[in-house]
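# model the following, please.
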Amino acid sequence: MKILQILPAMNQGGVEYYVLENSQYIAQYAENFVISAGGRLVPELIQNDSQHYELPIEKKNLRSLMQIRKLRKLIENIHPDIIHVHSRLQAWLITFALKKLSYRPTVITTVHGFNSINRYSQQMLHADQVIAVSESLKKYLSQAYPQEPVDNVLVISQGIDSNKFNANAPINNSIRQQMIELGVNFEYDQIILLPGRITRIKGISLLIDLMKQLKDENHSNIKAVIVGGYDKRNEEFYQSMQNRITELQLEKQILWLGTCDDMASIYRLADLTLSITSKPESYGRTVIESLACKTPVVGFNYGGVGENLQRFYPEGKITPNNLSELHDAVLRELSIPKEEKQIHPISDTIEQSQAKLKSLYESFK
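So this is what the prediction gives:
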């Protein structure tokens, strides 16, 4: 069996790591191919027995549309049994590419986010099988597109690697040292973690408001560590947040760690993780990664984050975009050692999700 996955790029983010992990498992029972615009995760993808083909299909522009012929030729050469699409633009490109193809592979799409409701997004529902990454996302699709057979959408969550994310995960000393060099004093400080790509919706501005309030209240031992990189599109936003931190003299309270591929160590070193995106996330994988490492989470009670908190740590749910409630929840959580928190065992594992995915693939043989 040959599986071809297609996505915008292989840099960083939930979709990228989803595809990377899918590929590691698929390569154990099928030939796995990936088409994207490339990125920092490609070497790891190839190292795990997948083949990667680079096409400039990341952006919604004429250049991407001009790749349809090359895409069709690649599909002809690979001759996949299944094409698994992970983004809206790529769903359209595949639709156009298949029109003149000599055969018809099975098309599966995974909807990863609460996309805008329009014809462009609706294309993700036009496949032999549609997957949603959470029940809340499936409900959203059902309400957004009542004319589509959303009842047939499968829910397959991303899940976590329980061998990597657990309460006994080893802590990388180089990461501990890196945090010390940033200004963390592990004997004195309490660490709030904000993980994820640096974008406008991740709640960085709200975090700055929170840390300003905590500093004014003399909670100088509470420090926030932001873990994640940014691309060129968000460079201006990143700089504006840096400037605001400087203006408010919060350089010692808010620390930027950058991209980190060993998040288990980061969760283990933190006292509390935040999930405070200004828009609902479809799954909120950082929530269950952190909880699996027995680090509590405070997050907004909507989308996949609210769904996962309800299942595994309901004490962490707060009203979205409410600074006062966020402030009180953070102080409440930090007042109790995390070892005393009642975090439910995480049942969403990548082993389970991959078994479901394999079963789905094989059903189309």
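
# just the pLDDT at the nearest residue to Glu339 once chain neighbours are set aside, thanks.
Nearest residue to Glu339, sequence neighbours excluded (C-beta to C-beta, 6 or more residues apart in numbering): Lys294, at 7.4 Å. Bear in mind the C-beta positions are built from the backbone N, C-alpha and C, glycine included. Per-residue pLDDT puts Lys294 at 96.

# Lys294 in helix, strand or coil?
coil (DSSP: H, G, I helix; E, B strand; the rest coil).

# do you know how far it is from Arg332?
Remark: distance between Lys294 and Arg332 (C-beta to C-beta, to the nearest Å) = 17 Å.

# more neighbours: those two, which one.
Lys294 (18 against 11; other C-beta atoms under 10 Å).

# and the more buried one, what does it touch?
167, 338-339, 341, 343 (C-beta atoms under 8 Å, 6 or more residues apart in numbering).

# from those, keep the buried residues only.
By neighbour count, with 16 or more other C-beta atoms under 10 Å, the contacts of Lys294 hold 338, 341, 343 as buried.

# just the buried residues of stretch 138-151, please?
138, 140-141, 144, 148, 150.

# what's the end-to-end length of it?
End-to-end distance of stretch 138-151 (C-alpha to C-alpha, to the nearest Å): 8 Å.

# ok, now stretch 129-145?
16 Å.

# again with stretch 151-166
Using C-alpha to C-alpha, first and last residues of stretch 151-166 are 34 Å apart.

# circling back: now the two most distant members of the contacts of Lys294.
Farthest-apart pair in these is Ala167 and Lys341; separation 11.2 Å (C-beta to C-beta).

# and for the residue nearest to Ile57 when sequence neighbours are not counted, the neighbour number?
Closest residue to Ile57 apart from its sequence neighbours, by C-beta to C-beta, 6+ apart: Ser64 at 4.9 Å. Using other C-beta under 10 Å, Ser64 is surrounded by 20 other residues.

# ok, the one 10 residues further on next?
Using other C-beta under 10 Å, Leu74 has 18 neighbouring residues.

# cool, and the one 4 residues further on?
Here the number of neighbours of Ile78 (other C-beta under 10 Å) works out to 18.

# do the one 4 residues further on as well
Residue crowding around Ile82 was assessed by other C-beta under 10 Å; the count is 22.

# the bottom helix or strand of the protein by mean pLDDT?
helix 62-65 (a mean of 81; mean pLDDT, DSSP states H and E).

# list the buried residues of that helix.
In helix 62-65, the ones that count as buried by 16+ other C-beta under 10 Å are Ser64.

# contacts made by it with the rest, please.
56-58, 89, 93, 96.

# neighbour-wise, which one of these leads?
Neighbour-wise, the contacts of helix 62-65 (other C-beta under 10 Å) top out at Ile57, 26 neighbours.

# quick one: furthest residue from the center of the protein?
Ser102 (35.6 Å; C-alpha atoms, centre = their mean).

# so that residue touches Glu76, yeah?
Yes: if you go by C-beta atoms under 8 Å, Ser102 and Glu76 touch, sitting 6.6 Å apart.

# strands along the stretch 151-300 of the chain, start to end?
154-155, 190-195, 222-227, 254-258, 272-275, 297-300 (DSSP state E, counting those that start in this stretch).

# how about TSV for those, with mean neighbour count, distance to His52 and mean pLDDT added?
Below are the strands of the stretch 151-300 of the chain laid out as TSV (neighbours: other C-beta atoms under 10 Å; distance: least, C-beta to C-beta, whole Å; pLDDT from 0 to 100):
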stretch	mean neighbour count	distance to His52	mean pLDDT
strand 154-155	14	26	96
strand 190-195	22	26	96
strand 222-227	23	26	96
strand 254-258	19	25	93
strand 272-275	27	31	98
strand 297-300	28	34	98
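
# ok, Ser116 - how many residues close by?
9.

# what does the one 5 residues further on give?
Ser121: 18 surrounding residues under other C-beta under 10 Å.

# which helix or strand contains it?
helix 119-122 (DSSP states H and E).

# now Lys99: how far from Ile68?
9 Å.

# so between the two, which is more surrounded?
Ile68 (20 against 8).

# correct me, but that one touches Leu93?
Yes: counting by C-beta under 8 Å, Leu93 is a contact partner of Ile68 at 6.0 Å.

# give the rounded mean pLDDT of whichever strand or helix holds Leu74.
Mapping Leu74 onto the secondary structure by DSSP H and E places it in helix 68-78. For helix 68-78, the mean per-residue pLDDT is 94.
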